[in-house]
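**Q** Dropping the sequence and predicted coords here.
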Amino acid sequence: MARGRIVINLEACKGCQLCTTVCPSNLIRMANSFNSRGYRPAELVDPQQRCTGCALCAIMCPDAAIEVFREVKVKSQEGSAAEEVVLVVTGPA
Amino acid sequence: MAKELLKGNIAIAEAALRAGVDAYFGYPITPQTELLEHMSRRMPELGRVFLQAESEIAAINMVYGAACTGAWAMTSSSGPGISLMQEGLSYIALSDVPAVVVDIMRGGPGLGNIQPSQADYNQLTRGGGHGDYRCIVLAPATVQEAIDLTVLAFDLADKYRTVAILAGDGLIGQMMEPAQLPPMRERSRTRPPWALTGARGRPPNSIAAFGLEAETLEAMNWRLQAKLQRIRQTEVRCETWLVDDAEILVVAFGSVGRIAKTAVREARAHGIRVGLIRPITLWPFPYKPIEQAAAHARAVLVVEMNTGQMVDDVRMAVCGQAPVYFHGRPGGSVPVPEEILERIVELSKED
Amino acid sequence: MDEQIAVVNVQEQLVYARPRALTEETTNYCPGCTHGLINKLIAEVIDELGIQENTISVSPVGCSVFFYRYLVLDGVVAPHGRAPAVAIGIKRMLPDRVVITYQGDGDMAAIGMSEVVWAAMRGENITAFFVNNANYGMTGGQMAPTTLAGQVTTTTPEGRDVETMGMPTRMAELIAGLPGSAYVARCSTYDARTIRDARNAIRLALRAQMAEAGFTMVEFLSACPTNWGLSPQGALQWIKDTMVAYYPLGEIKVSEAVQRLKTKR
């Protein structure tokens, strides 16, 4: 299973909760702290690392407040010229 | 370039072409439509932008868009159309972009009629739309002057990045007179740094007559007023004639300035010491020259083709030094020299 | 073949980030307002097509006005309803630039109806992004031409009465019926699928403009939680359940030229 994580820009988040409604594994909930604009930002709660980096939360976010990282296995032959690194296209899935 | 017999509207259009207008957006309305028609043939001929818009509101906003790219853009209309353009003019005025507007004035208010009039004076010189702004307003009295002031309008609009309005009345637009057109002027097409051209190799430019916070908009206002003050100090133009020894001062602009000149000439023949000041820039208004001439005048007579609009500015200029009288013909009626002469003679009799 | 030891290392890749063409600034849009999402999608497509340095935006009065600042582009604020006219003035001077308007429903369908109809009638090569949230958002929730029958707004306190206020305006169909329009689509952004379709429509509209196919427009059914009195999620649900019924999603018009573009990646 692919593994991923998200980074939420706490200042950009307005606490609209839309990301919480689309996460397939319900890994996002609203923090119990406030950002400087008085919004309760979203936060990732993923102790078992079940986030796959599917980016549905980031796609849904009206404030582009979520960055998504995904772990990618990269094969490289030891001792040989470094193979072409598998590049994942940044931007929406 | 030899003199040609030219109709005012066509002379103005051709003058704009030779001055270097890049884009014209217009709409039919008497008594200015020949200007639109001339542009519809000549602009494409010269590979420039022409579009007959769906309304004067659309036309002024097309001018605004073209001006934002650094182009010299122009529209023309008459009173009712200019009324529709006022919101657009207010945006342009605060945006620091150049634009030229021609108003060939007609009888008003309402549908009015298509006869000549000067009843747009207030909406042109007082900033007819919302907010504190003024536009440069130039008033020709002859077809030749209309040509010269059209070129000047583009130069002033570009120099100050503001709106310059050429205000002729129906007479100027419709009559034909021998006049000389300037040669075609080659203008550099490089876009100014502030223009919207696509942010290539620079941060984006934005043009917004908008300031959400009061401090922002207040600062924008004072910056605009500073520009208008510079224009007031440097761009006033008027014709003064026989005022040095004048006991009676006549003040009239555009065609009426020309009609009044005949009356003044005849009054002088009757031995009456009368002079004429003809404002050429209606804004910035020639307060100083009128104030100075009024110092030694017993009476001031203002003549307009309306019920009295410039007369208020004249009163401000005279500032009580002498009584200010008014003779007006609204609704498209044109005064004849005799009726002005009659008023001058009347005033000369009062001791 | 000598055996080589394959070393598998795991790298973390950034797979989704804020588009470059979108401002770093936090927007003024309300929480859950999908203006923000639509701004983001437009920015994503501008990044993808590589036209950030070639695009000029025109945003008129309304919640849409901030588009000129939230999209990192040359931009101008137009008077209410007049964005297409301003855009035409720009496009006719700079035909090789991409010129877009970003307008609300009060702006385009009410006061600006004449300007957008004429932009389509003349087949002006500009793209209008039309955000339909069934009310005047900026001024606090009054009835707009797109307000649904029976929908309560601050100027239809008893619900919009179509007898006196007329039927809601289907702008996409209206513009699609005009000869000069080349591509008209209606989209929304209430789930991943509609967001993907919206992104595709934005891309095709801009590609059509660059191919000089004529006037292009994308209408978005957009959420306005504040004025609808719904939660952000409830607002998206309302679009899905109620708005889409009256405003069907899909490509309303695809001219031949745009059809060829579609098939050619």
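**A** That came in fine, so what should we check first? Numbering: from 1, shown residues only, chains lettered A, B, ... in the order given.

**Q** So which residues of the stretch 1-150 of chain B form helices?
**A** B:8-19, B:33-45, B:56-68, B:79-95, B:121-125, B:143-160 (DSSP state H, counting those that start in this stretch).

**Q** C:Gly89: which element?
**A** Per DSSP states H and E, C:Gly89 falls inside helix C:83-93.

**Q** Let me know which of the helices of the stretch 1-150 of chain B is tucked in deepest.
**A** Comparing these by mean neighbour count (mean count of other C-beta atoms under 10 Å in any protein chain shown), helix B:56-68 comes out on top with a mean of 30. For glycine as for every other residue, the C-beta is placed from the backbone atoms N, C-alpha and C.

**Q** And the residue lying closest to B:Ile60 once chain neighbours are set aside, how far from B:His130?
**A** Distance criterion C-beta to C-beta, 6 or more residues apart in numbering or on different chains; nearest residue to B:Ile60, sequence neighbours excluded, is B:Gly88 at 3.4 Å. Distance, B:Gly88 to B:His130, by C-beta to C-beta, to the nearest Å: 11 Å.

**Q** what does B:Arg200 give?
**A** Separation of B:Arg200 from B:His130 (C-beta to C-beta): 35 Å.

**Q** and if you look at C:Thr55?
**A** According to C-beta to C-beta, C:Thr55 stands 31 Å off from B:His130.

**Q** biggest helix in chain B, by residue count?
**A** When chain B is parsed with DSSP state H, its longest helix is helix B:214-234.

**Q** ok, then the element right after it?
**A** strand B:238-241.

**Q** ranges for the helices of the chain?
**A** Since you didn't name a chain, this refers to chain A. A:18-22, A:56-60.

**Q** To clarify, I was referring to chain C.
**A** In chain C, the helices defined using DSSP H lie at C:35-49, C:67-70, C:83-93, C:105, C:113-121, C:162-165, C:171-176, C:192-210, C:225-228, C:232-238, C:244-246, C:256-263.

**Q** what distance separates the shortest one from the centre of its chain?
**A** Distance of helix C:105 from the chain centroid (C-alpha atoms, centre = their mean, to the nearest Å) equals 10 Å.

**Q** next one: stretch B:93-101
**A** Per C-alpha atoms, centre = their mean, the centroid offset for stretch B:93-101 relative to its chain is 14 Å.

**Q** for stretch C:91-109, same thing?
**A** 11 Å.

**Q** picking that back up, name the helices or strands packed onto the helix holding C:Gly89?
**A** With contacts taken as 3 or more C-beta pairs under 8 Å, 6 or more residues apart in numbering or on different chains; DSSP states H and E, helix C:83-93 sits against strand B:23-26, strand B:49-52, helix B:56-68, strand C:55-59, strand C:98-104, helix C:113-121, strand C:127-132.

**Q** which residues touch the fifth one?
**A** Taking contacts as C-beta atoms under 8 Å, 6 or more residues apart in numbering or on different chains, the residues outside strand C:98-104 that touch it are C:39, C:42, C:51, C:54-60, C:62-64, C:67, C:71, C:78, C:83-84, C:86-87, C:90-91, C:112, C:116, C:125-131, C:133, C:136-138, C:144, C:206, C:209-210.

**Q** The longest helix of chain B vs helix B:143-160, what angle?
**A** 140 degrees (axes from the mean of the first three to the mean of the last three C-alpha atoms, to 10 degrees).

**Q** show me what contacts residue 5?
**A** With no chain named, the answer covers chain A. With contacts defined as C-beta under 8 Å, 6+ apart, the neighbours of A:Arg5 are A:Leu44, A:Asp46, A:Gln49, A:Cys51, A:Gly53, A:Val68, A:Phe69.

**Q** Please refer instead to chain B.
**A** Counted by C-beta under 8 Å, 6+ apart, B:Leu5 has contacts B:Met176, B:Glu177, B:Pro178.

**Q** What is the burial count for the second one?
**A** Okay, so that is B:Glu177. Neighbourhood size, B:Glu177 [other C-beta atoms under 10 Å in any protein chain shown]: 16.

**Q** Likewise for the one 4 residues further on?
**A** Residues lying near B:Leu181 (other C-beta under 10 Å) number 19.

**Q** any idea how far it is from chain A?
**A** Taken as C-beta to the nearest C-beta, to the nearest Å, the spacing of B:Leu181 relative to chain A amounts to 57 Å.

**Q** for that residue, helix, strand, or coil?
**A** coil (DSSP: H, G, I helix; E, B strand; the rest coil).

**Q** Was I right to think it contacts B:Leu6?
**A** Yes - between B:Leu181 and B:Leu6 a contact is recorded at 7.4 Å, counting by C-beta atoms under 8 Å.

**Q** which neighbours do the two share?
**A** Here B:Leu181 and B:Leu6 have B:Glu14, B:Ile147 as joint contacts, going by C-beta under 8 Å, 6+ apart.

**Q** quick one on the thing from earlier: okay if I get the helices of chain A as TSV plus mean neighbour count?
**A** Converted to TSV, the helices of chain A look like this (neighbours: other C-beta atoms under 10 Å in any protein chain shown):
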stretch	mean neighbour count
helix A:18-22	21
helix A:56-60	24
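
**Q** pLDDT below threshold where in chain B?
**A** B:1, B:351 (pLDDT under 70).

**Q** can you pull the contacts of the closest residue to chain C within it?
**A** Residue of chain B nearest chain C, by C-beta to the nearest C-beta: B:Gly65 (2.5 Å). Neighbour list for B:Gly65: C:Val58, C:Val76, C:Ala78, C:Ala85, C:Val86, C:Ala87, C:Ile88, C:Gly89, C:Ile90, C:Lys91, C:Met93 [criterion: C-beta under 8 Å, 6+ apart].

**Q** just for chain C, where's the confidence low?
**A** The model of chain C has pLDDT under 70 over residues C:1-7, C:265.

**Q** Now for C:Tyr34, how many residues are close by?
**A** No, residue C:34 isn't Tyr; it's Thr. 31.

**Q** do the same with A:Ala2
**A** A:Ala2 has 12 neighbouring residues, counting by other C-beta under 10 Å.

**Q** I'd like to know how far it sits from A:Gln48.
**A** Distance, A:Ala2 to A:Gln48, using C-beta to C-beta: 15 Å.

**Q** likewise B:Val300?
**A** B:Val300 sits 93 Å away from A:Gln48, going by C-beta to C-beta.

**Q** same question, C:Glu115
**A** 56 Å.

**Q** Of these two, give the one with the bigger neighbour count.
**A** Between C:Glu115 and A:Gln48, counted using other C-beta under 10 Å, the more crowded position is C:Glu115 (31 against 7).

**Q** ok, the more buried one to C:Met138 distance?
**A** Distance, C:Glu115 to C:Met138, using C-beta to C-beta: 19 Å.

**Q** cool, B:Phe326 as well?
**A** For B:Phe326, the distance to C:Met138 equals 46 Å [C-beta to C-beta].

**Q** Could you list the buried residues of the helix or strand of chain A with the lowest mean pLDDT?
**A** Of all the helices and strands that make up chain A, strand A:66-77 has the lowest average by mean pLDDT, DSSP states H and E, namely a mean of 86. For strand A:66-77, burial by neighbour count (16 or more other C-beta atoms under 10 Å in any protein chain shown) applies to A:Ile66, A:Glu67, A:Val68, A:Phe69, A:Arg70, A:Glu71, A:Val72, A:Val74.
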